[in-house]
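*Asks:* Attaching a predicted model along with its sequence, questions to come.
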Amino acid sequence: MTRQQILGWTQRNGLFFALAILIAIFSILSSRFLTVPNFTVILLQNAVIGLIVVPGAMLILCGLVDLSVGSVAVLSAVVFGQAMASGLGLPVSLLIGLAVGAAWGAFNGYLIAIQGFSPIIITLGGLAGARGLAEFVTQGYTTYGYGREFAFLGNGKLLGVPVPVILFAIVFLIGLHLWYRAPLGRHMIAVGGAKDTAAEIGIKVKLIPFWLYVASGLAAALGGLIIASQLDGAAVTIGTGMELEVLTAILLGGVSFTGGRGSLFGVLFGLLFVGVLSNGLVQVNVSPYFEQVAIGAALCGAAALDMFYQRLERLNVPVESEPIEAPQAGEAQ
Amino acid sequence: MSAPILELRALSKSFGPVHAVKTVSLAAHAGEVIGLIGDNGAGKSTLTRMIAGAIRPDQGDIIVNGQKEHFETAQDARRAGIETVFQTLALVPGLDIVENIFLGRELLVPGATGRATRTMDVAAMRRRVEEGYQRFGLNLPDMRTKVAALSGGQRQVVAIARAVLWGSGVVVLDEPTAALGVKQTELVLSFIERLRSHKVAVIFISHNMQHVMRVADRVCVLRLGRKVHDGPMSKLSGTDLVALMTGATIAAQ
């Protein structure tokens, strides 16, 4: 293996090892950590964020961002709650809740992808606006008590696996297919890394981000409904700070914030890293205040490491790679 | 000689009062490398952009394989079998060579399931590029190397190879050797020479006399929007070309 291959390998797998080391440390410090029930809890606690992370990572890969997810989640949840309260029934209310998310996603997508508005400004507007709208819709009153059927969405289990974890797994598998096996993955890298070139080649540089925003809104709505199911109430506090948790997992997972580079497996490890860190620190009785500090430090550490790798990479670009061009020079007359 | 793959008949284009290209005709045959030269403002890039479908001619016809074409977009030109490699190269640095060659035209797994799930046939795409490497004797690094790690000359070769691999009859190269070092230039020029034996018509636009003399079979000189010379390369010297470009021997014509 050459130095460059080793470098590339550690870069691709660094987060995986960081996660393994973290799990090893917590396993030594706490006997309850490395158990099936505890890992089920970790997955359940991160399933909702995980759902939203998949389209979120795709948007970042395209060089875009959706900061409105937490607020769209609460808006969808309270609209669902109002629909239930007015007696529309569970299936219709669920569809309305999801439609709210998709509609907000389409609104974001239209303004940002089609009209070219700034993604940060528009979705920051959504962050404030959608939550405000949710508070207006509820007038501060939380609807609650949606029945056993709806409770299954957040608390149910199939073959011993919590339903939110199953939903996350489905979304993640679809994401993997689109990212690695469908043309979309390459197109997203092209849109995020070289938009003008992508447009010139005929890639749908507007429609791809548009549909990703719709998917992001839909995922946020599903997340909001899952939380509402777990709480059995559409509280206006749903989704607070969600956008930051989503961004942390994506950026920790090594997706470049400027777009054009990143892996969905990395994002999964980023998500699990945060989940394991939060859970483990509680297990070993570290103050919950410190948890946020640890996540912040991990994010800064990942950014520093990424910068370090990029600098090393730049030093290694084979501008005049001899084995390739030496025979060429010999052929010249 | 067989019928030309690409024929331009009396193309003209004006931008307001400026006649950028005036009644220029040109025929390109398979297996032929045509050097298109001219000083700045001679109309080279206007002519190129008309062939590439980026702008529409005011007058005249573009005929591809005997068929009259009206290009509305660059995609139309590509569909008709004309690939233009501009200096920007249209490569995505974050993707590897195979991914770039198939970008926007990925092969899907055959059958209804492949189409419905949009599953790419990665193996087939690699095989096609591998064949291309062999057929053209490409001196490029492993096809899974990211374009970001390639040199300028190698990138140029990838861009040209993409044009040829897509089965285009006509490849238009806009200043492919500009801003390249000696070795890099050699890489590109030797590739262009090899294309001649593959039934491709190459239009090589440059203002570097040495490079044109090295690869072109025929040279076409533009000056102030008009074609002032069109003939076999072998009969001309570098001094003749400079004279034609600057207009010094117009009287002698």
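*Replies:* Looks like it came in fine.

*Asks:* buried stuff in stretch A:297-309?
*Replies:* A:298-299, A:302, A:305-306, A:309 (16 or more other CB atoms under 10 Å in any protein chain shown). All C-beta atoms are positioned from the backbone trio N, CA, C, and that covers glycine.

*Asks:* ok, and does stretch A:253-264 reach over to chain B?
*Replies:* Yes. Part of stretch A:253-264 sits near chain B under the criterion CB under 8 Å from any CB of the partner chain, namely A:260-261.

*Asks:* what mean pLDDT would you report for that stretch?
*Replies:* Stretch A:253-264 shows a mean pLDDT of 89.

*Asks:* ok, which residues in the stretch 51-200 of chain A are in contact with chain B?
*Replies:* So the stretch 51-200 of chain A meets chain B at A:177-178, A:181-184, A:186-187, A:189-190, A:192-194, A:196-198, A:200 (CB under 8 Å from any CB).

*Asks:* List only buried entries from those.
*Replies:* A:177-178, A:181-184, A:186-187, A:189-190, A:192-194, A:197-198, A:200.

*Asks:* now, which of those residues lie within helices?
*Replies:* A:183-184, A:186-187, A:189-190, A:192-193, A:197-198, A:200 (DSSP state H).

*Asks:* Just flag the most distant two among the buried ones among the residues of the stretch 51-200 of chain A next to chain B.
*Replies:* A:177 and A:200 (27.2 Å; CB to CB).

*Asks:* what about residue 241, how many residues close to it?
*Replies:* By default, I'm working from chain A. Other residues lying near residue A:241 total 9 when counted by other CB atoms under 10 Å in any protein chain shown.

*Asks:* other chain: chain B
*Replies:* 20.

*Asks:* got a list of what it touches?
*Replies:* B:37, B:209, B:212-213, B:219, B:221 (CB atoms under 8 Å, 6 or more residues apart in numbering or on different chains).

*Asks:* how much space is there between residue A:78 and chain B?
*Replies:* 36 Å (CB to the nearest CB, to the nearest Å).

*Asks:* quick revisit: from the buried residues of stretch A:297-309, which is closest to chain B?
*Replies:* residue A:309 (13.7 Å; CB to the nearest CB).

*Asks:* Report all helices and strands that the helix or strand harbouring the closest one contacts.
*Replies:* For residue A:309, the element it lies in under DSSP states H and E is helix A:288-316. Contact analysis of helix A:288-316 by 3 or more CB pairs under 8 Å, 6 or more residues apart in numbering or on different chains; DSSP states H and E lists helix A:3-29, helix A:242-252, helix A:264-283 as its packing neighbours.

*Asks:* Could you find the closest non-adjacent residue to residue B:86?
*Replies:* Distance criterion CB to CB, 6 or more residues apart in numbering or on different chains; nearest residue to residue B:86, sequence neighbours excluded, is residue B:174 at 4.9 Å.

*Asks:* The one you found: what's it in contact with?
*Replies:* B:45, B:48, B:84-87, B:205.

*Asks:* low-confidence ranges in the chain?
*Replies:* In the absence of a named chain, chain A is used. A:1, A:4, A:11, A:313-333 (pLDDT under 70).

*Asks:* hm, I was asking about chain B
*Replies:* In chain B, residues with pLDDT under 70: B:1, B:249-253.

*Asks:* How about the residues of the stretch 1-150 of chain B by chain A?
*Replies:* Counting by CB under 8 Å from any CB, the stretch 1-150 of chain B comes close to chain A at B:74-75, B:88, B:90-95, B:99, B:103-104, B:106, B:108, B:117-120, B:122, B:139-141, B:148-149.

*Asks:* Might you specify the subset of those located within strands?
*Replies:* The strands, defined by DSSP state E, take in nothing from these.

*Asks:* out of these, which are buried?
*Replies:* B:74, B:90-95, B:99, B:103-104, B:106, B:108, B:119-120, B:122, B:139-141, B:148-149.

*Asks:* Cross-reference these with the helices and report the matches.
*Replies:* B:74, B:99, B:122.

*Asks:* so what's residue B:28 bridging to?
*Replies:* residue B:6 (DSSP bridges).

*Asks:* How many neighbouring residues does it have?
*Replies:* Count around residue B:28 with other CB under 10 Å applied: 26.
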